[in-house]
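Colleague: kindly return the folded structure for what I paste below:
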Amino acid sequence: MVGLEFQFNSDVIGKDEKQYEKLGIMDAARIATYEVTFRTAFMIQGLMDLFRGRMKFKDSVSGPVAIARMANEEAKSGMVELLMFMVSISLILGVMNLLPLPLLDGGTFVFCVVEGIRGKALSVKAQTILQNVSGALLISLMLFATYNDITNLFRSF
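Modeller: Okay, here's the model as predicted:
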């Protein structure tokens, strides 16, 4: 049997109490598929809102310091919460990897589509320029996320 956590209305059971229901492998797989699909769609919507300017970039982007802090908080809540957090991190990394940036898998897919449409590959020079720009964007994002984490950490003191 595979266990799956359900949280119920706190009016019905105690505020911090959790109840677990044992499920068969097929029911657990069905619910897990739904959860992964829902969480992935939610993350994609969040990325779209971020790029459309509906969310503040500074408030939405976190790096390794914030991830470590959140993982610590989830670990204090229990193993199930920590595992769900790890699933969320894995999903967002997978979604980010599919972005159409040349250094990522999504960019490789775009290069293949362009090559299929054109009948020939982009020149090595064009690919190199696109990869360098993509690399600079990704490094900038990582540096910003880490800087944002550190400034938020000092603000919390």
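Colleague: ok, now which ones touch the nearest residue to residue 149 once chain neighbours are set aside?
Modeller: Beyond its immediate neighbours in the sequence, the residue positioned closest to residue 149 (C-beta to C-beta, 6 or more residues apart in numbering) is residue 65, lying 3.5 Å away. Heads up, the C-betas are built off the backbone N, CA and C, glycines and all. Counting by C-beta atoms under 8 Å, 6 or more residues apart in numbering, residue 65 makes contact with 146, 149-150, 153.
Colleague: can I have the buried ones of those as a PyMOL selection?
Modeller: Command for PyMOL that selects the buried part of the contacts of residue 65, burial taken from 16 or more other C-beta atoms under 10 Å:
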select buried, resi 146+149
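Colleague: returning to that earlier point: next up, identify which helix or strand the residue nearest to residue 149 is on.
Modeller: helix 64-77 (DSSP states H and E).
Colleague: same list (the contacts of residue 65) but as a markdown table, adding pLDDT and distance to residue 40.
Modeller: Converted to a markdown table, the contacts of residue 65 look like this (pLDDT from 0 to 100; distance: C-beta to C-beta, whole Å):
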| residue | pLDDT | distance to residue 40 |
| --- | --- | --- |
| 146 | 92 | 25 |
| 149 | 89 | 24 |
| 150 | 90 | 29 |
| 153 | 83 | 29 |
